[in-house]
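> What shape does this take:
(chains A and B)
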There are 2 protein chains.
Amino acid sequence: MEGKEISQAVIRRLPRYYRYLGELMESGVERISSNELSERMKVTASQIRQDLNNFGGFGQQGYGYNVKYLYTEIAKILGIDKSHNMIVIGAGNLGQAIANYANFEKRGFVVKGLFDINPRLQGITVRGIEVRGMEEMEDFIRANDIEIVALTIPKNKAPEVAERVVACGVKAIWNFAHTDLNVPPDVIVENVHLSESLMRLSYNIVKSKK
Amino acid sequence: MEGKEISQAVIRRLPRYYRYLGELMESGVERISSNELSERMKVTASQIRQDLNNFGGFGQQGYGYNVKYLYTEIAKILGIDKSHNMIVIGAGNLGQAIANYANFEKRGFVVKGLFDINPRLQGITVRGIEVRGMEEMEDFIRANDIEIVALTIPKNKAPEVAERVVACGVKAIWNFAHTDLNVPPDVIVENVHLSESLMRLSYNIVKSKK
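Predicted structure coming up:
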């Protein structure tokens, strides 16, 4: 598996496989054929076989996939078999939503700290996590082995904060600010641009009316 | 332009063009070559030319693109030259974040109502929008010409609520619930699965360490 380059398109689909396999496990299903999985997931069976072949293919002809095995293997590929410490910068509604979302922790993403520039928010707690001032950020990152920084701050503040966290050695930014971050090539940025998602929706609305 | 099928990959990139063009306008830039735009956006100039050619190509050789014209045309393509009424179902942190985000309104997405099943949230207001009970939803959708419903509710509640809004004639759902919605083919669903985004990030962290 190692060294093999997997396309971003496949990676984009893996979390969805993971979700469906998790639901199958919860309902006690132990084996599933690519055809059955295809029906549930509304992708072709050949797409499923192709995607899962990227990882050596865990299925056997006429026998189907072992749900638990596949679930565990995908978790390893996605790196969610280990835990990742995270902080959230920006304790507004969105930052609080992320800190509050217990499901992230179940998948190994542990929110260790919450930071905000606004003194009125400092000291309040969200799911037991205290909101701290920005001046404490660097020490906190170093002391708590923080791997991921979620940025839920306005776009004009994001570049400066990104620079500060990168200077502390952080290599992964989950960026909700509506701007592209200029970071060194070894720093990974995953963008969630909500307004772009909304525009794709409105594009499809307009298109469907034609 | 009409009737021409544009690939989803291009559509996915259009909002980003729109954002860059907006920033150029703000800083007073009137014309830009594909090379300059390429440098800013960190995509190849040929990709830019190809993408924009989908819409008849607004540029002239050696003269560059008219920023404002291109900005306006992309807005039309994305359907954000008109306004779209929206409601948010689920007035937790995420729902409140969306209702609070004034920038959506600037792009024509107007949050008209906020709904929650929790009686303790009913009656509070977010940016002047009162949180209502779910029993008022259907009448509100019909009375307010609601086009988009944002679902910021747990995944186990999402299918039932989606069914209710579709029964009211809503054709566009912005789905934050971590599940796929089974809706009729003429209903558009745009998913924002935050945990999947986080998994892509962790995949890339693991990969970068190899």
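
> ok, residue A:71 - contacts?
Contacts here follow Cβ atoms under 8 Å, 6 or more residues apart in numbering or on different chains; on that basis residue A:71 touches A:18, A:21, A:22, A:25. No exception for glycine: its C-beta is placed from N, CA and C like everyone else's.

> Filter the residues you listed down to just the buried residues.
A:18, A:21 (16 or more other Cβ atoms under 10 Å in any protein chain shown).

> want to throw the contacts of residue A:71 into a markdown table with secondary structure?
What follows is the contacts of residue A:71, written out as a markdown table (DSSP: H, G, I helix; E, B strand; the rest coil):
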| residue | secondary structure |
| --- | --- |
| A:18 | helix |
| A:21 | helix |
| A:22 | helix |
| A:25 | helix |
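
> Show the overlap between the contacts of residue A:71 and what lies near chain B.
Restricting the contacts of residue A:71 to those near chain B by Cβ under 8 Å from any Cβ of the partner chain leaves residue A:18.

> Select, from the contacts of residue A:71, the two members most distant in space.
A:18 and A:25 (10.6 Å; Cβ to Cβ).

> other SSEs contacting whichever strand in chain A runs longest?
Criterion DSSP state E: the longest strand present in chain A is strand A:109-116. When contacts are defined as 3 or more Cβ pairs under 8 Å, 6 or more residues apart in numbering or on different chains; DSSP states H and E, strand A:109-116 packs onto strand A:84-89, helix A:93-100, strand A:129-133, helix A:137-143.

> which residue ranges form the strands in chain A?
Going by DSSP E, chain A shows strands at A:31-32, A:65-66, A:84-89, A:109-116, A:125-126, A:129-133, A:148-151, A:172-175, A:188-191.

> Could you list the domains of chain A?
A:8-77, A:84-196 (automatic domain parsing).

> can you put those domains in JSON lines and add distance to residue B:158?
Shown next, in JSON lines, are those (distance: least, Cβ to Cβ, whole Å):
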{"stretch": "domain A:8-77", "distance to residue B:158": "13"}
{"stretch": "domain A:84-196", "distance to residue B:158": "14"}
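
> which one of the ones you listed is the most hemmed in?
When the domains of chain A are scored by mean count of other Cβ atoms under 10 Å in any protein chain shown, the highest mean neighbour count falls to domain A:84-196 (a mean of 18).

> Next, the distance between the ends of it.
One end of domain A:84-196 sits 27 Å from the other (Cα to Cα, to the nearest Å).

> circling back: can you give me the angle the longest strand of chain A makes with strand A:129-133?
Angle of strand A:109-116 versus strand A:129-133, following axes from the mean of the first three to the mean of the last three Cα atoms, to 10 degrees, is 40 degrees.

> what angle separates strand A:109-116 from strand A:84-89?
Using the same axes, to 10 degrees: strand A:109-116 against strand A:84-89 is 20 degrees.

> State the paired neighbours of strand A:109-116 in the sheet, together with their directions.
strand A:84-89 (parallel), strand A:129-133 (parallel) (DSSP bridges).

> export those to CSV and tack on mean pLDDT and distance to residue A:115?
Converted to CSV, these look like this (pLDDT from 0 to 100; distance: least, Cβ to Cβ, whole Å):
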stretch, mean pLDDT, distance to residue A:115
strand A:84-89, 98, 5
strand A:129-133, 97, 5
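
> Residue B:142: which of those is closest?
Nearest to residue B:142 among the strands paired with strand A:109-116 is strand A:84-89; the distance by Cβ to Cβ comes to 38.5 Å.

> Residues in contact with the closest one: which ones?
Under Cβ under 8 Å, 6+ apart, the answer for strand A:84-89 is A:95, A:98-99, A:104, A:108-116, A:134, A:137, A:140-141, A:144-153, A:161, A:165, A:174, B:202, B:205.

> Quick one: distance of it to the chain centre.
12 Å (Cα atoms, centre = their mean, to the nearest Å).

> could you list every residue that touches residue A:193?
Residues in contact with residue A:193 (Cβ under 8 Å, 6+ apart) are A:176, A:178, B:15, B:16.

> Against residue A:157, how distant is the first one?
Residue A:176 sits 12 Å away from residue A:157, going by Cβ to Cβ, to the nearest Å.

> Equivalent analysis for the third one, please.
Residue B:15 sits at a distance of 21 Å from residue A:157 (criterion: Cβ to Cβ).

> Likewise for residue A:83?
Distance, residue A:83 to residue A:157, by Cβ to Cβ: 28 Å.

> same question, residue A:51
For residue A:51, the distance to residue A:157 - Cβ to Cβ - is 39 Å.

> and if you look at residue A:72?
For residue A:72, the distance to residue A:157 - Cβ to Cβ - is 40 Å.

> Where does pLDDT dip in chain A?
Applying pLDDT under 70 to chain A flags residues A:1-4, A:55-62.

> these two touch, right, residue A:208 and residue B:187?
No. If you go by Cβ atoms under 8 Å, residue A:208 and residue B:187 don't touch, sitting 9.2 Å apart.

> what residues are shared contacts of those two?
residue B:171.

> The nearest residue in space to residue A:184 that is not next to it in sequence: what's it in contact with?
With sequence-adjacent residues excluded and distances taken as Cβ to Cβ, 6 or more residues apart in numbering or on different chains, residue A:184 is closest to residue A:166, at 6.7 Å. By Cβ under 8 Å, 6+ apart, the residues touching residue A:166 are A:173, A:183, A:184, A:187.

> any idea which of the residues you listed is closest to residue B:68?
For the contacts of residue A:166, the nearest to residue B:68 is residue A:183 (30.5 Å; Cβ to Cβ).

> and residue A:29, how far is that from residue A:73?
Relative to residue A:73, and taking Cβ to Cβ, residue A:29 is found at 17 Å.

> hmm, back to that, for the contacts of residue A:166, work out which two are farthest apart.
Using Cβ to Cβ, the contacts of residue A:166 reach their maximum pairwise distance at A:173 and A:184, which is 11.3 Å.

> For burial, what's the neighbour tally of residue A:6?
15 (other Cβ atoms under 10 Å in any protein chain shown).

> quick one: the residue nearest to it when sequence neighbours are not counted from residue A:38, how far?
Spatial nearest neighbour of residue A:6, excluding adjacent residues (Cβ to Cβ, 6+ apart): residue A:54 at 5.2 Å. Look at residue A:54 and residue A:38: by Cβ to Cβ, they are 17 Å apart.
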